[in-house]
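>>> quick check, what structure comes out for this input:
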Amino acid sequence: MLEVTTDPTTLVRRFYAEVWDTADERVARQILHPDLMFRGSLGRSCQGVEEFLDYMRSIHAALAGYRCVIDELIVTDRRAAARMTFTGLHHGAFFGVPATGRQITWAGCAFFTTDRGQITEVWVQGDVDAIKQQLGIAGSGSM
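Model prediction:
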């Protein structure tokens, strides 16, 4: 029988490559703890795999070809931190803006906690101002 590696590095890479990039709900149910605590880069918080999947579906509905690129990954025995680039083609309502057909790209970071081979918590922060600028809505403020 093939052994599935469940260290934090593998879990985070699978979370992005298989769950987010391809919307594979079967893999999500495998690697995400049933009581997952998830806070998305767009401010939405979810508890449980089903709420997370609803959120993921909404992002894919708004952004065709949605991709999450891991630019840097730092891992300990149960935790991981990633510097990310998120991108997709704006083909559905996003931040209340109808499809523009533009490629939207923004930076972010994500922090993970794992336990017994599953992801138990994810906290993601994204550059929402960059998204809004690309959509032509409220610009970023300056200090």
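>>> who's in contact with the closest residue to residue 14 other than its chain neighbours?
Nearest non-adjacent residue to residue 14, counting by CB to CB, 6 or more residues apart in numbering: residue 31, 5.7 Å away. C-beta coordinates here come from the backbone N, C-alpha and C atoms, glycine included. Applying CB atoms under 8 Å, 6 or more residues apart in numbering, we find residue 31 in contact with 6, 11, 14, 15, 19, 117, 118, 119.
>>> mind listing which of those residues are in helices?
11, 14 (DSSP state H).
>>> only the buried subset of the contacts of residue 31, as a PyMOL command please.
Paste this into PyMOL to select the buried members of the contacts of residue 31, with burial taken from 16 or more other CB atoms under 10 Å:
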select buried, resi 11+14+15+19+118+119
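>>> tell me the one of the contacts of residue 31 nearest residue 65?
For these, the residue nearest residue 65 by CB to CB is residue 19; the value is 15.4 Å.
>>> run through the strands of the protein in chain order.
Using DSSP state E, the strands of the chain run over 32-39, 45-47, 63-75, 79-90, 103-115, 118-126.
>>> residue 134 is nearest to which of those?
strand 103-115 (5.1 Å).
>>> list the helices and strands that closest one packs on?
Packing partners of strand 103-115 (3 or more CB pairs under 8 Å, 6 or more residues apart in numbering; DSSP states H and E): helix 8-14, strand 79-90, strand 118-126, helix 128-135.
>>> what strands line up against it, and which way round?
strand 79-90 (antiparallel), strand 118-126 (antiparallel) (DSSP bridges).
>>> CSV for the ones you listed, including distance to residue 107 and mean pLDDT?
Shown next, in CSV, are those (distance: least, CB to CB, whole Å; pLDDT from 0 to 100):
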stretch, distance to residue 107, mean pLDDT
strand 79-90, 6, 98
strand 118-126, 7, 97
